[in-house]
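Trainee: Need the 3D shape of this:
(one chain, ligands or ions: 1)
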Amino acid sequence: MAIFAARCAYCHDNPDVGAPAREVLAAFEPGHIVEALTTGKMVDNAAGLTPEQKQAVAAFLTAKPATDGSAAGSTPTPPTKP
Ligand code: HEC
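Mentor: So this is what the prediction gives:
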């Protein structure tokens, strides 16, 4: 995941920084991660990322599909396929 490696790993894969480890981020809902990157604590660190890139990072970290953050806090219902 190039975005995580380039923009997040030097804090979130680095015990010296005190940022929550990648395993901790994985437990968040993807919408919460997008929200943190868009309006939350990580706004400055995510500067320049497009909404699509933020969703991609959130989906990568949580291994769940991400939404645009407008539904943060709620769990998006995945589309059901027959
Ligand atoms: C400069 C270091 C740094 C960078 C770069 C960084 N983070 Fe963080 N991140 C932190 C720290 C420190 C915290 C803990 C902040 C706190 O709890 O006050 C944190 C917290 C978070 C949280 C939890 C927010 C919450 O609401 O508790 C998420 C999600 C997150 N980071 C995702 C990311 C993602 C994704 C990236 C890459 C786009 C990123 N961070 C880049 C240092 C960083």
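Trainee: I'd like to know how far the nearest residue to P20 once chain neighbours are set aside sits from the ligand.
Mentor: With CB to CB, 6 or more residues apart in numbering as the criterion, P20 has its nearest non-adjacent residue at 6.7 Å, and that residue is H12. Every residue, glycine included, has its C-beta placed from N, CA and C. H12 sits 6 Å away from the ligand, going by CB to the nearest ligand atom, to the nearest Å.
Trainee: Return the residues in contact with H12.
Mentor: Applying CB atoms under 8 Å, 6 or more residues apart in numbering, we find H12 in contact with F4, A19, P20, A21, R22, L25.
Trainee: what does I33 give?
Mentor: L25, K54, V57, A58, L61, T62, A66.
Trainee: Pull out the buried residues from the longest helix along the chain.
Mentor: Ranked by residue count and defined by DSSP state H, the top helix of the chain is helix 51-62. The neighbour-count check on helix 51-62 (16 or more other CB atoms under 10 Å) flags K54, Q55, A56, V57, A58, A59, F60, L61, T62 as buried.
Trainee: how about that helix as CSV, C-alpha atoms only?
Mentor: Presented in CSV, the C-alpha positions along helix 51-62 are these (Å, rounded to 0.1, in the frame of the first residue of the first chain):
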residue,chain,number,x,y,z
PRO,A,51,-11.1,11.3,-0.8
GLU,A,52,-10.5,8.2,-2.8
GLN,A,53,-7.0,7.8,-1.4
LYS,A,54,-8.2,8.3,2.1
GLN,A,55,-10.9,5.6,1.5
ALA,A,56,-8.2,3.3,0.0
VAL,A,57,-6.0,3.7,3.1
ALA,A,58,-8.9,3.1,5.4
ALA,A,59,-10.0,0.0,3.4
PHE,A,60,-6.4,-1.2,3.4
LEU,A,61,-5.9,-0.8,7.1
THR,A,62,-9.2,-2.4,8.2
